[in-house]
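Student: Curious how this folds, go ahead:
(one chain, ligands or ions: 2)
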Amino acid sequence: MNNIYVKTKEKKYPIYFANSFNGIEKAVEENDLSGRKLCIITDSNVSGIYAQNVKDTLEKYFESVFVYTFDAGEKSKNLNTISDFYSFFLENHIDRKTVVAGLGGGVCGDMAGFAAATYLRGIKFIQIPTTLLAQVDSSVGGKVGVDFKNSKNIIGAFYQPDFVYINTETLNTLPEREFNAGMAEVIKYGPIYSHNFTEYIADNKKAIADREYSALKHVIKKCCKIKAEVVSKDEKEGGLREILNFGHTIGHAIETKMNFTLLHGECVALGMKAVFNICLKRGTVSQKEYDELLSLLEYFNLPLNISGITADEIYSQMFLDKKVKNNQLSFVLLESYGRPFSTTNVDKEEIYSAINAVLR
Ligand code: ADP
Ligand code: ZN
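Tutor: Ligands and ions are numbered 1, 2, ... in the order given. Coordinates of the predicted model:
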């Protein structure tokens with residue numbers, strides 16, 4: 001199987017790519033995880049579709065396999081659900097030798113990982129992401145956690161899994177809107193890495209939208225490779241890792257101000273358009289590159305404009321983001337296509353003009 005590796009100070013772990021769950025046995029063996037207990041954590045949408053399959057495939061490799069299902073959705077991403085996981089762990093005598101598997105989207109992976117990181121001060125953990133967003137972003141890099149009160153992901157840890165197993169076939173059941181939102185994060189990797197990647201997406205957009213294995217595998221693997229490279233150099237966001245936040249400064253503010261009625265990826269699409277607008281005005285990306293980005297976002301039905309909020313609201317919201325230091329906004333801009341840099345040196349006027357570019 002052709003896998004790639006994420007290297008961090010504490011460990012090096014593989015990401016496997018496949019279009020079924022068959023290879024997961026080999027992944028368990030290769031990483032020396034067989035013989036233990038396995039606790040699969042999944043959500044109420046994914047459970048009925050995939051949990052049995054994963055359980056059946058792995059049953060012979062583990063002493064026993066448990067499945068815990070929580071209610072799907074961001075509303076479950078809190079400490080109460082984590083507390084339910086801990087109770088389940090206690091009831092089933094989950095010990096240091098148990099492996100926790102997060103089978104689902106980003107919400108599931110973040111919570112399963114947080115529980116695995118904290119229960120008994122850390123037990124084995126594997127990621128089996130089933131949304132495009134989780135496959136190209138949240139399952140790689142070790143950020144785990146939950147929301148608290150109205151703040152997203154403010155309780156958490158860095159906890160790297162023992163492996164990530166990406167079965168692209170799971171994307172066949174993913175609702176189209178969720179798939180397209182994941183495409184926003186996929187598209188993001190072009191401007192921050194290389195124009196060749198954007199060209200590949202543009203040339204294969206129909207195959208990707210049709211969820212054809214070879215095209216999907218190519219793009220997902222490339223995104224993981226880029227993310228793995230960035231995370232390997234900067235696990236805890238001391239600098240380089242920030243480039244992954246391309247489009248997120250304005251995107252997050254929109255996401256919060258719209259009361260999470262838009263999906264994260266949809267807001268990233270809006271945020272990228274806004275930032276591209278700054279780069280276009282600065283002359284660091286061309287009109288052609290700008291148009292190309294917009295047409296890709298449009299192809300995947302991502303929003304290019306929104307109404308119902310004002311530029312002032314978005315602007316003030318940006319200062320409330322947990323990433324803001326010393327009351328200074330930080331943006332990832334492009335020196336040229338494929339060459340991102342992080343800066344706090346962006347005028348208020350430029351920011352307003354970028355925000356206005358996405359308001360209707
Ligand atoms: P994300 O990965 O986008 O951060 P979630 O974990 O909330 O967010 O997943 C988005 C939605 O898609 C949830 O309702 C989840 O139950 C559902 N879902 C996840 N994976 C699949 C899948 N492979 N098929 C169908 N629905 C899925
Ligand atoms: Zn994101």
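
Student: Who are the contact partners of Gln328?
Tutor: Thr344 (C-beta atoms under 8 Å, 6 or more residues apart in numbering). C-beta here means a position set from N, CA and C on the backbone, and glycine is covered the same way.

Student: how about the nearest residue to whichever residue of the stretch 101-250 of the chain sits closest to ligand 1, chain neighbours excluded?
Tutor: Distances between the stretch 101-250 of the chain and ligand 1 by C-beta to the nearest ligand atom are smallest at Gly105, namely 2.2 Å. Of all residues not flanking Gly105 in the chain, Thr131 sits nearest, at 3.7 Å (C-beta to C-beta, 6 or more residues apart in numbering).

Student: Report how many residues lie close to the one you found.
Tutor: Using other C-beta atoms under 10 Å as the criterion, Thr131 is surrounded by 26 other residues.

Student: Check whether it really touches Glu178, as I assumed.
Tutor: Yes. Using C-beta atoms under 8 Å, Thr131 is in contact with Glu178, at 5.8 Å.

Student: Now for these two: what residues contact both?
Tutor: Gly105.

Student: and after the lengthiest helix in the chain, which helix or strand comes next?
Tutor: Across the chain, the longest stretch assigned as helix under DSSP state H is helix 213-233. Along the chain past helix 213-233, the next helix or strand (assigned with DSSP states H and E) turns out to be helix 248-257.

Student: With just CA atoms, put whichever helix or strand comes after that following helix into PDB.
Tutor: Next helix or strand after helix 248-257 toward the C-terminus (DSSP H and E): helix 264-282. Extracted in PDB, the C-alpha atoms of helix 264-282 (Å, rounded to 0.1, in the frame of the first residue of the first chain):
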ATOM      1  CA  HIS A 264     -16.700  25.700   7.700                       C
ATOM      2  CA  GLY A 265     -15.500  25.000   4.100                       C
ATOM      3  CA  GLU A 266     -18.100  27.500   2.700                       C
ATOM      4  CA  CYS A 267     -16.700  30.200   4.900                       C
ATOM      5  CA  VAL A 268     -13.100  29.300   3.900                       C
ATOM      6  CA  ALA A 269     -14.200  29.700   0.300                       C
ATOM      7  CA  LEU A 270     -15.500  33.200   1.100                       C
ATOM      8  CA  GLY A 271     -12.300  33.900   3.100                       C
ATOM      9  CA  MET A 272     -10.100  32.800   0.200                       C
ATOM     10  CA  LYS A 273     -11.900  35.000  -2.300                       C
ATOM     11  CA  ALA A 274     -11.500  37.900   0.100                       C
ATOM     12  CA  VAL A 275      -7.800  37.300   0.500                       C
ATOM     13  CA  PHE A 276      -7.300  36.800  -3.200                       C
ATOM     14  CA  ASN A 277      -8.800  40.200  -3.600                       C
ATOM     15  CA  ILE A 278      -6.100  41.700  -1.400                       C
ATOM     16  CA  CYS A 279      -3.400  39.900  -3.400                       C
ATOM     17  CA  LEU A 280      -4.900  40.900  -6.700                       C
ATOM     18  CA  LYS A 281      -4.900  44.500  -5.700                       C
ATOM     19  CA  ARG A 282      -1.300  44.200  -4.500                       C
END
